[in-house]
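**Student:** Sharing a sequence plus its predicted fold:
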Amino acid sequence: MILYGTELTSRLFLGTAQYPSPAILQEAIRASGCAVATVSLRREGAQGSGAAFRALMQETGVRILPNTAGCHSVREAVTTAHMAREVFQTRWIKLEVIGHADTLQPDVFGLVEAARILSADGFQVFPYTTEDLVVGERLLAAGCEVLMPWGAPIGSGRGVVNPEGLRAMRAHFPEVPLVVDAGIGRPSDAAVAMEMGMDAVLVNTAVARAGAPVAMARAMAQAVEAGRMGHGADPMDRRDMAVPSTPVLGLAELI
Amino acid sequence: MEILVNSEPREVKGPTLSAALQELGYSGGAFATALNGHFVPQEHRSTQPLSAGDRIEVLAPMQGG
């Protein structure tokens, strides 16, 4: 998979928040085989741990995708993106402009505007968006080369709640990399998204808050791979009624 | 002069952003700064003057989803 000219070896993106410890985070990253990990920027005192965290992430060797999580306005998101570019030395930015405090639903109007500003400034934008096709078109016109539709609200673990919407997105944007961001709760959710033809999934809470995060990281990786292979293997059509799989021809009459 | 650093009132001499950061104990390159909501790149901190009441944000790498 190539995103903004960079070839990635894994279709699983892993978030780095909420792990029981930095060591478990590192182990989970390794177990997942992910090629991309998301990070953020937060306020820090003079004796803060930011440098240590950055060093920890550099040790893993994964590509860093900074986010603008928590930003509720275009200005906040754009400023945060600039600060992230300086700290992490990357043009990649996972752009979040949050529109609703309860659902963490993206403010798609602000998102498109921020994406336009950042793309024009040389950023390579990964927009956290909904499955709305028109918004997707506007984001592409704004300069985005990847779309990150939500599966379900962030941290909800509800899986893909609108499969028809994501299928429509896949059909409407056949050549655009689609990364399902948010809502994946279980490996089966990741597999469902991948079977639908999504290009990748981003998972955080489902791994970090699992009872065994490292095992869950591995399970997510296998689910992503299985889903991708299943999609490529052209799954059968669903049927309303049973159809015997064992041949009826030659069936004995034993009554 | 009194400024706000991550919303906390702090007394600094300044007169520049880099001088104030040094005074407050920030060192190394693992943080980014904004002044009154505007990004100030690292190379501009030493020429960025401060005024009383300025709002500085100092952000550093952190876990995120």
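**Tutor:** Nice, I can see it.
**Student:** Report how many residues lie close to the nearest residue to A:Ala226 once chain neighbours are set aside.
**Tutor:** Distance criterion CB to CB, 6 or more residues apart in numbering or on different chains; nearest residue to A:Ala226, sequence neighbours excluded, is A:Ala191 at 5.5 Å. C-beta: built from backbone N, CA, C; applies to glycine. Neighbour count of A:Ala191, defined by other CB atoms under 10 Å in any protein chain shown: 23.
**Student:** bridging residues for B:His38?
**Tutor:** Judged by DSSP bridges, the bridge partners of B:His38 are B:Leu35.
**Student:** Do a quick rundown of the helices in chain B.
**Tutor:** Applying DSSP state H to chain B gives helices spanning B:17-23.
**Student:** Which positions in it make contact with chain A?
**Tutor:** Within chain B, the positions adjacent to chain A are B:6, B:24-34, B:37-39, B:41-42, B:57-65 by CB under 8 Å from any CB of the partner chain.
**Student:** Among those residues, name the ones in strands.
**Tutor:** Judged by DSSP state E, strands contain the following of the residues of chain B next to chain A: B:32-34, B:38-39, B:57-63.
**Student:** what residues are up against the spatially most central residue of chain B?
**Tutor:** Centroid-nearest residue in chain B, with CA atoms, centre = their mean: B:Ile56, separated by 4.6 Å. Applying CB atoms under 8 Å, 6 or more residues apart in numbering or on different chains, we find B:Ile56 in contact with B:3-6, B:17, B:20, B:33-35, B:50.
**Student:** per-residue confidence at it?
**Tutor:** B:Ile56 is assigned 97 on the pLDDT scale.
**Student:** Please name the bridge partners of it.
**Tutor:** Under the criterion used (DSSP bridges), B:Ile56 bridges to B:Val5, B:Leu35.
**Student:** The residue nearest to A:Ala226 against A:His231, yeah?
**Tutor:** No. Using CB atoms under 8 Å, A:Ala191 makes no contact with A:His231, being 9.6 Å away.
**Student:** List only buried entries from the residues of chain B next to chain A.
**Tutor:** Neighbour-count burial (16 or more other CB atoms under 10 Å in any protein chain shown) applied to the residues of chain B next to chain A gives B:24, B:26, B:30-34, B:39, B:57-65.
**Student:** Point out the residues in the stretch 101-250 of chain A that sit beside chain B.
**Tutor:** Counting by CB under 8 Å from any CB, the residues of the stretch 101-250 of chain A close to chain B are A:154-155, A:202, A:204-205.
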